[in-house]
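Asks: I'd like to go over a predicted model; first the sequence, then the structure.
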Amino acid sequence: QAVRDRISELLVLTPSASDRLRLERHIEASLVQAIERGELFLQYEPKVRLADRQVLGVEALVRWRCADFGLIAPGLFIPLIERSGQIGLLTDWVLDEALRELAVLRQQNQPLLMAVNISASDLKGNLPARIDAALERHGVPPSSLEVEITETAVIRDIERAADVMAQLRQRGVRVSIDDFGTGHASLTYLRTFPIDSIKIDRLFVQHIDAQPVDQAIVRGVLSLAQSLGLRVVAEGVEDRSQLDRLRELGCEQAQGYYFSRPMTAVQLEHYLRNDADGAD
Ligand code: C2E
Ligand code: MG
Ligand code: MG
Ligand code: MG
């Protein structure tokens, strides 16, 4: 299995044109099968409050362990699934699985915020109704679900995005802008946009300890967010010096490998129990 994962990793990193085509065809043709065979699974990455290291929520990230190609990263298969028009199916599976796990966590006395990533095309389906159904199926309150949508997806159709987000917020579902700062959006959309939080892209966090420009950008985002009443989460924190700099700048929440790699549900439950015991 490990060897096969390694092979698929190489395939994904340096695919020959024909391997790549074979993989793309396979992905587009076999999502339904993958779901039926249980090849999809979620990993969860904690969102941490910097003041006390409390885990406030987790972000669900989908993975595909495929019989023929091994583990495939979402950065590779999500665009293909989007292109093939099947993203709604994937999003529904992710929502269902994430909320099932959220219900388990709540039963274990871990009332976290569960964040799920959605795609631009999800805005065209009846997303609010699908979310209602999933929330009801698992008996979890709307206010414990957060939907992350990238800035790039938002600017593809700002009016539709604003409409769907408003419907979600009416229900109490939280809405977050992902990869903030990478979509080349005009900032004016933030003025009227019905959102709760923005996630500063890893791009700006990566070199924040050494790059005055990145510090200036993050400082600007934080002050903009503060005046608009938005929460800010920094993405992709990998080391202590990035964390220290973010705290100095007044950032209150972050996620990244420094705190934890994305974990399976079992690992997450273990991690949260240890966290509650005060271990680090
Ligand atoms: P994203 O939503 O911005 O998620 C953050 C990505 O950065 C994740 O990659 C995560 O594993 C990775 N990451 C987190 N912390 C660190 C860090 O400290 N350093 C580094 N280098 N990376 C970090 P992943 O899981 O490969 O997902 C990539 C993208 O695929 C996501 O970006 C999201 O746009 C998309 N995606 C993942 N799951 C789903 C899903 O269920 N539905 C949809 N529509 N998109 C998804
Ligand atoms: Mg995200
Ligand atoms: Mg992101
Ligand atoms: Mg990203």
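Replies: Nice, I can see it. Ligands and ions are numbered 1, 2, ... in the order given.
Asks: Please name the spatially closest residue to residue 151 (chain neighbours excluded).
Replies: Nearest residue to residue 151, sequence neighbours excluded (CB to CB, 6 or more residues apart in numbering): residue 183, at 3.1 Å. Bear in mind the C-beta positions are built from the backbone N, C-alpha and C, glycine included.
Asks: Quick check, the one you found in contact with residue 154.
Replies: Yes - if you go by CB atoms under 8 Å, residue 183 and residue 154 touch, sitting 7.0 Å apart.
Asks: Looking at these two, which is more packed in?
Replies: For residue 183 versus residue 154, the count of surrounding residues by other CB atoms under 10 Å is larger for residue 154: 23 against 18.
Asks: dump the residue contacts of that one.
Replies: 161, 177, 183, 185, 189, 193 (CB atoms under 8 Å, 6 or more residues apart in numbering).
Asks: So it versus residue 182, what's the distance?
Replies: 12 Å (CB to CB, to the nearest Å).
Asks: And residue 143, by the same measure?
Replies: 28 Å.
Asks: any chance you could map the strands in this protein?
Replies: In the chain, the strands defined using DSSP state E lie at 40-49, 54-66, 70-72, 113-118, 145-150, 174-180, 197-200, 231-234, 253-254.
Asks: so which of those comes closest to residue 266?
Replies: strand 40-49 (10.5 Å; CB to CB).
Asks: Mind listing what's buried along stretch 150-166?
Replies: For stretch 150-166, a neighbour-count test (16 or more other CB atoms under 10 Å) marks 150-151, 153-154, 161-162, 164-165 as buried.
Asks: likewise stretch 73-83?
Replies: 74, 76-78, 80-82.
Asks: sorry, back to before: in terms of mean pLDDT, which of the strands of the chain ranks lowest?
Replies: Ranked by mean pLDDT, those bottom out at strand 70-72, which scores a mean of 90.
Asks: Adjacent strands (with direction) for that one?
Replies: Sheet pairing of strand 70-72 (DSSP bridges) gives strand 54-66 (antiparallel).
Asks: Export the strand it pairs with to CSV, keeping only CA atoms.
Replies: Presented in CSV, the C-alpha positions along strand 54-66 are these (Å, rounded to 0.1, in the frame of the first residue of the first chain):
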residue,chain,number,x,y,z
GLN,A,54,-8.4,26.4,22.3
VAL,A,55,-9.7,24.4,19.3
LEU,A,56,-12.8,26.3,18.2
GLY,A,57,-13.5,24.4,15.1
VAL,A,58,-12.2,22.1,12.4
GLU,A,59,-12.1,22.2,8.6
ALA,A,60,-13.2,19.1,6.7
LEU,A,61,-10.9,18.2,3.8
VAL,A,62,-11.8,15.5,1.4
ARG,A,63,-9.4,12.7,0.2
TRP,A,64,-9.8,9.9,-2.3
ARG,A,65,-8.1,6.6,-1.8
CYS,A,66,-8.5,5.0,-5.2
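Asks: burial count for the residue nearest to residue 80 when sequence neighbours are not counted?
Replies: Once flanking residues are discounted, residue 80 sits nearest to residue 27: 4.7 Å by CB to CB, 6+ apart. Close neighbours of residue 27, defined as other CB under 10 Å, add up to 23.
Asks: got a list of what residue 27 touches?
Replies: 64, 72, 76-77, 80-81.
Asks: Quickly check: the longest helix belonging to the chain near ligand 2 or not.
Replies: Criterion DSSP state H: the longest helix present in the chain is helix 87-107. No - applying CB under 5 Å from the ion, one finds helix 87-107 separated from ligand 2 by no less than 11.5 Å.
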